[in-house]
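Q: Show me how the following folds:
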Amino acid sequence: DSSSVGTYEIRYTAYDSLRNRTTVKRTVKVVRKLDGIIKEDTNNQNYYSGADVNNYVQFSGMLWRIVGINEDGTIKLITNDSVSNVTYGNQGDYDKTNIYKWLNDYFYDHLQSKDYIVKSDWCVGDVSSATDDGCKDTKNANVGLLTLYEYQRATQDSSNYLASVAMGSYWLANKQNDENSWVVRDSVTETFKTTDITTTRPVINIDKNVYAEKGDGSSGNPYFLGDYTTGNSNSKLNDRLVGERVEYSGYNWIIMDTDKNGTTLIMTDSILDRTEEPLEISYDDGDKKHQYNIEEKGNVGYQIEREVKDYLVDDDKIIENEWEIVEFDNTKTYDDFEKTSFKSKYSIPKSYDMFSATVSTRSWLIDYSKTEDNIVFVGPGGRAFDMNIDEGFANNAVRLVIKLDDSTAISSGEGTDVSPYIIK
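A: The predicted structure follows:
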């Protein structure tokens with residue numbers, strides 16, 4: 001069906017007067033403007049609503065959802081998954097807050113397709129209800145968050161495709177007042193303290209003239225916008241994009257970053273398990289600080305260092321790296337956390353790392369708490385907690401973070417959830 005977006009091979013057959021047959025093959029690429037698809041899908045409402053909507057887009061290596069068309073014609077996208085765990089922050093004006101810094105410094109730095117992104121005015125005014133669009137106060141930035149108004153607008157017949165995963169929550173753009181900010185929790189909206197930690201779903205606006213070059217907008221076949229091409233056989237992994245998926249050593253992994261030295265930072269897409277037996281560990285009872293340490297017997301770091309090999313098929317491409325341990329402090333911005341370091345082949349994610357929130361099973365973070373007897377971990381729904389160890393969450397699973405050497409190459413795959421890159 002060449003009326004649908006995609007690339008097709010068309011054959012033409014003709015006969016001359018002597019009945020000699022000639023066949024010609026042509027490759028035809030059918031594209032459609034993305035805003036035209038949105039208008040058709042939404043009956044010119046220009047924004048998606050309800051639960052069952054095919055508005056998935058693969059952009060800059062990550063899976064996104066189309067929110068709709070803005071008044072200036074730009075197209076608003078939100079990440080399909082929560083990405084990281086951060087506080088909203090109480091540092092004053094919005095452009096001084098932790099959430100603003102993380103979105104526009106850390107997250108934006110990890111995007112590949114910046115030419116498509118339109119720097120925009122984001123509605124960040126305090127609101128008391130979803131009838132207020134929050135646009136009395138705006139900040140110009142590359143990356144923002146969904147507003148309370150936009151979230152509620154997407155509700156149809158009590159269903160909303162923007163609802164968080166079960167037991168999850170994520171920040172919205174608007175505060176209620178100086179101390180509280182709006183979140184989506186499950187399918188409802190409520191407020192958390194600005195010093196609480198929960199997940200983020202970054203939002204960007206892209207150019208109105210983009211085209212969908214393939215896909216049908218479903219989760220298994222999202223629209224591709226032509227902002228990047230997938231890797232080929234023998235492509236170096238360090239040339240690939242943050243957010244793309246990789247299959248290695250018996251697990252699916254997410255590319256977190258690539259370094260100037262050619263190494264690639266990746267994290268398991270799920271917890272470590274072996275024949276359905278997850279690696280679950282805890283700190284010794286006598287440990288009060290619960291700070292990651294690979295040399296201290298009974299420490300979570302000590303156990304991971306010695307047990308992780310049993311959960312990997314091979315580790316030939318994994319190289320030693322210097323890893324950071326951070327002190328989680330909800331009064332500071334993420335880049336001001338106190339840091340120490342250690343050398344090893346293995347680590348676990350920090351709260352604010354890319355994709356630290358893309359798991360719904362309780363698992364350890366490498367952050368440690370300022371409060372004695374507290375631990376920092378990701379709970380159900382991907383949200384991080386800084387909580388007393390006696391609350392019943394002392395035993396947690398492990399997501400592994402590693403670096404692959406600069407020779408690592410791809411043999412096949414498209415770098416997506418459905419078709420991850422296979423490592424040679």
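
Q: drop to CA atoms for contacts and neighbour counts, all remaining ones
A: Fine.

Q: For stretch 334-351, measure first residue to last.
A: One end of stretch 334-351 sits 9 Å from the other (Cα to Cα, to the nearest Å).

Q: next one: stretch 151-168
A: End-to-end distance for stretch 151-168: 15 Å, by Cα to Cα.

Q: Buried residues in that stretch, which are they?
A: Y151, Q152, R153, A154, T155, N160, Y161, L162, A163, S164, V165, G168 (16 or more other Cα atoms under 10 Å).

Q: pull the CA atoms of stretch 353-370 into PDB?
A: In PDB, the C-alpha atoms belonging to stretch 353-370 read as follows (Å, rounded to 0.1, in the frame of the first residue of the first chain):
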ATOM      1  CA  ASP A 353      21.600   9.300  35.100                       C
ATOM      2  CA  MET A 354      19.900   8.900  31.800                       C
ATOM      3  CA  PHE A 355      17.400   6.100  32.000                       C
ATOM      4  CA  SER A 356      17.800   5.400  35.800                       C
ATOM      5  CA  ALA A 357      13.900   5.500  36.000                       C
ATOM      6  CA  THR A 358      13.100   3.100  33.100                       C
ATOM      7  CA  VAL A 359      12.600   0.100  35.400                       C
ATOM      8  CA  SER A 360       9.600  -0.900  37.600                       C
ATOM      9  CA  THR A 361      11.500  -3.300  39.900                       C
ATOM     10  CA  ARG A 362      13.100  -2.100  43.100                       C
ATOM     11  CA  SER A 363      16.800  -1.700  42.400                       C
ATOM     12  CA  TRP A 364      19.900   0.000  44.000                       C
ATOM     13  CA  LEU A 365      21.200   3.400  43.100                       C
ATOM     14  CA  ILE A 366      24.800   4.400  43.700                       C
ATOM     15  CA  ASP A 367      23.600   7.500  45.600                       C
ATOM     16  CA  TYR A 368      23.900   7.500  49.400                       C
ATOM     17  CA  SER A 369      21.800   9.500  51.800                       C
ATOM     18  CA  LYS A 370      22.900  12.400  54.000                       C
END
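
Q: what mean pLDDT would you report for that stretch?
A: Summarised as a single mean, pLDDT over stretch 353-370 is 94.

Q: In strands only, show me the buried residues of stretch 151-168.
A: Among these, no member falls in strands (DSSP state E).

Q: From the residues you listed, which land in helices?
A: Mapping the buried residues of stretch 151-168 onto helices (DSSP state H) picks out Y151, Q152, R153.

Q: From T147, how far out is the last one?
A: So the one you mean is R153. Per Cα to Cα, R153 is found 10 Å from T147.

Q: about what we covered before: take the ones in helices among the buried residues of stretch 151-168 and lay them out in JSON lines including pLDDT and distance to T340.
A: Below are these laid out as JSON lines (pLDDT from 0 to 100; distance: Cα to Cα, whole Å):
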{"residue": "Y151", "pLDDT": "97", "distance to T340": "39"}
{"residue": "Q152", "pLDDT": "97", "distance to T340": "42"}
{"residue": "R153", "pLDDT": "97", "distance to T340": "45"}
